[in-house]
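K.L.:
Take this sequence and fold it.
(3 chains)
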Amino acid sequence: MKPILVFQTDFSYKEGAVCAMYGVVKSVDPELEIIDGTHELPKFDTWSASYRLYQSMAFWPKGTIFVSIVDPGVGTQRRACVAKTSDGYFVVTPDNGSLTHLKHWTGIEEVREIDETTNRLKGKNTVDVDVFHGRDLFSYCAAKLASGQITYEQVGPKYPLDEIVLHQLHEPIFNQGEVRGIIEIDDPHFGNMWTNIRTRDFLNTGFDYGDKVRLTIRHQGEDIFSKSVHFQKSFGYAQKGDVILYNNELMRVGMAVNQGSFSQEYGIRHGPDWHVTISK
Amino acid sequence: MKPILVFQTDFSYKEGAVCAMYGVVKSVDPELEIIDGTHELPKFDTWSASYRLYQSMAFWPKGTIFVSIVDPGVGTQRRACVAKTSDGYFVVTPDNGSLTHLKHWTGIEEVREIDETTNRLKGKNTVDVDVFHGRDLFSYCAAKLASGQITYEQVGPKYPLDEIVLHQLHEPIFNQGEVRGIIEIDDPHFGNMWTNIRTRDFLNTGFDYGDKVRLTIRHQGEDIFSKSVHFQKSFGYAQKGDVILYNNELMRVGMAVNQGSFSQEYGIRHGPDWHVTISK
Amino acid sequence: MKPILVFQTDFSYKEGAVCAMYGVVKSVDPELEIIDGTHELPKFDTWSASYRLYQSMAFWPKGTIFVSIVDPGVGTQRRACVAKTSDGYFVVTPDNGSLTHLKHWTGIEEVREIDETTNRLKGKNTVDVDVFHGRDLFSYCAAKLASGQITYEQVGPKYPLDEIVLHQLHEPIFNQGEVRGIIEIDDPHFGNMWTNIRTRDFLNTGFDYGDKVRLTIRHQGEDIFSKSVHFQKSFGYAQKGDVILYNNELMRVGMAVNQGSFSQEYGIRHGPDWHVTISK
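P.N.:
Residues are numbered from 1 along each chain as shown, chains lettered A, B, ... in the order given. Below you'll find the model as predicted:
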């Protein structure tokens, strides 16, 4: 079987962009299977693009080709690339920070710049168009790769791994009886917030399921949230409406309101300036 | 051909949850076909989950496997099950009310609790995770069933049908020249409201297409809406902006504003305390 | 291979309508492949339906069958049809303006009215239902056509091309050093606005990439926007937050704010009464 193409973009389905892009794939090879990862990434947000790739990739069959297009620099000098991860997946993406988490947590084995002379859609419908590489470059190149019309080597020239554009990652600090981290990302739908604290490390620091702990969230020098909450395995261990600390789906410490929105109810967002302290 | 997997959840596409879940399916068997039923069910709303299953199931080929995940009780004691309907479909779902309409209107022939020791995803990416049975349990078990790797009997032990968790259903009351029912559900996009009054019964009570009837909606003892409106076969029989009573796609009596939103314009919602009276 | 079915509607995924519709397709022939074009067209907006068909169609393999359902007149006298374009695609749609752009820019070779006696879903779940031709007529007929169960001729009787319902199209006016057009449509997600001015004609009038031009937008006799802006190949040539004129993905002149929303920030919408003047 040919590898599956999994797409994630910030395009939404509000107009015809996704449809045109998928048409390009099917015109290269109608047998290719396309799966929506998501088209609702926050606009221009390459950090989210990076996190979502990392979040879901390992659950797919080896060889799956991810096409990730959050591309505020489309048509400018940023590189268009195909990365090969150390565990055998491919990512077709602008090289703009979207590979940050994969490079750190999974490893990138090789990265190649897409050769536009051979791997870009041409034809009367694309004359001078330089705002939609999702359609004319990334989808087209990914489809050729998935279909076997080009090898990975034929994507274009390899370039050094240390030239990959990266966001800064932040590591939590573990002291006996206290952990300090940041809110790395949100679950924008349910309003759960995910820290950069790995649950395994959290448990190793002496915390355990069932513990009552103090959770403090600071932003710009101010305490936004500070309460005693339980650490549990799932939401339902808290009363409806109560805050809970839990082991999230990526095995990080998460924060939620049971059947509510932690983010909305307490005005909490994410980023390196959202500091989390958990203590006994 | 292997049965199709139709998914409905309240996850949205705003982050990587659906993508991870579909990856699990494809890792079990890349040949399986996945169709989005919807990922926009109202959060935590097992009533809507139940209604939407009932709304669309009969239009699918027999044998189709529905995976329905609205799961506020994930990781707690609620059962995870696979139900087999009397007309030959399968539903993989938490047993939390999501089977209400199917049990009443279609019939459940058998229900089995998913055996987590055999039918749950294991591996380094799921250690201790108990908040995402959509990925680790329901999708994985559904994929094994669809793929033929397990039989329905191998899902897990059968349990009595009368232990299935149900919401309360409400029946309309028919008198000569008058019908009393409730607004069972909305169409949240177009703002149409759907009653629990079957059109066939409505016609048998003496109403007919073209009739002008009095429509009254009461909520908490107050008349929210009371007007004379037409009962017709479609929206376009009303002037743009006018209210119309019609035979909806499930052969229930519905209420709409032609090219408008009945729900929004009149502040009408749904539930057992939203009473509808239609009289001549 | 059987032709792909590409769907676009204004249904959203908020309830079970799309799911029921896709079930009908799979019940006709489980081998058929369904792709979401979009289900987020603006409600009742046949102009958008027309534009989005035109926007994406040419990127698909010849023979692809588009099912377009924006159908405010469902169940009334408007025709249900299947059009065959001059370049070899099929469109299954209500004949209500949704074919406007294709007829003008691509050409319609033939159009047939769907024969409801043979090409409409029948059965106990559809008794008297006249509000969901998307499910009972368009999807069913499209699936039979894609599956080869009927030929194009068996869709129903041909009717004259000049009876196709059309919206009015507007042509820009080119003078030396000045172009006058309208804002034909928006990109509702990114807030970019697309004019009816073809970039090729714009360049032929003497404008060129890199030019600084005066862009004026008038609505109901009032200047809504009037500034000197650059015409470039992509967004990233403007500073973040600045307005840019660019060659859009359909090779029309578009207007955007780099990493912002032109539509929202300047209160600009689209339609024949949104006049654009570009001058040196």
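K.L.:
so what pLDDT did the closest residue to chain C within the stretch 51-200 of chain A get?
P.N.:
The stretch 51-200 of chain A approaches chain C most closely through A:G75 (2.7 Å), counting by Cβ to the nearest Cβ. Backbone N, C-alpha and C define where each C-beta goes, glycine included. Per-residue pLDDT puts A:G75 at 87.
K.L.:
how about the nearest residue to it, chain neighbours excluded?
P.N.:
C:S234 (2.7 Å; Cβ to Cβ, 6 or more residues apart in numbering or on different chains).
K.L.:
Tell me how many other residues surround that neighbour.
P.N.:
Around C:S234 sit 22 other residues, with neighbours defined as other Cβ atoms under 10 Å in any protein chain shown.
K.L.:
Can I take it that the residue of the stretch 51-200 of chain A closest to chain C is in a strand?
P.N.:
No: using DSSP: H, G, I helix; E, B strand; the rest coil, the assignment for A:G75 is coil, not a strand.
K.L.:
How many neighbouring residues does it have?
P.N.:
19.
K.L.:
how about stretch A:261-271 as PDB, C-alpha atoms only?
P.N.:
Listed next in PDB are the C-alpha coordinates belonging to stretch A:261-271 (Å, rounded to 0.1, in the frame of the first residue of the first chain):
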ATOM      1  CA  SER A 261     -13.100  25.200  30.500                       C
ATOM      2  CA  PHE A 262     -10.100  25.800  32.700                       C
ATOM      3  CA  SER A 263      -8.700  28.300  30.200                       C
ATOM      4  CA  GLN A 264     -11.900  30.300  29.900                       C
ATOM      5  CA  GLU A 265     -13.000  30.200  33.500                       C
ATOM      6  CA  TYR A 266      -9.700  31.400  34.900                       C
ATOM      7  CA  GLY A 267      -8.400  33.500  32.000                       C
ATOM      8  CA  ILE A 268      -5.400  31.300  31.400                       C
ATOM      9  CA  ARG A 269      -3.400  31.100  28.200                       C
ATOM     10  CA  HIS A 270      -0.200  29.400  27.100                       C
ATOM     11  CA  GLY A 271       3.400  30.300  26.300                       C
END
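K.L.:
Where does pLDDT dip in the stretch 51-200 of chain A?
P.N.:
The model of the stretch 51-200 of chain A has no residue with pLDDT under 70.
K.L.:
Return the residues of it in contact with chain C.
P.N.:
Contact residues (Cβ under 8 Å from any Cβ of the partner chain) of the stretch 51-200 of chain A with chain C: A:72-76, A:125, A:127-132, A:135.
K.L.:
Most neighbours of all those, which one?
P.N.:
In those, the most neighbours by other Cβ under 10 Å go to A:R135, 27 neighbours.
K.L.:
those helices in the stretch 101-250 of chain A, which residues are they?
P.N.:
With DSSP state H, counting those that start in this stretch as the criterion, the stretch 101-250 of chain A has helices at A:116-119, A:133, A:140-147, A:199-204.
K.L.:
Any chance of the ones you listed in CSV with mean neighbour count as columns?
P.N.:
Formatted as CSV, those follow (neighbours: other Cβ atoms under 10 Å in any protein chain shown):
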stretch, mean neighbour count
helix A:116-119, 14
helix A:133, 25
helix A:140-147, 25
helix A:199-204, 17
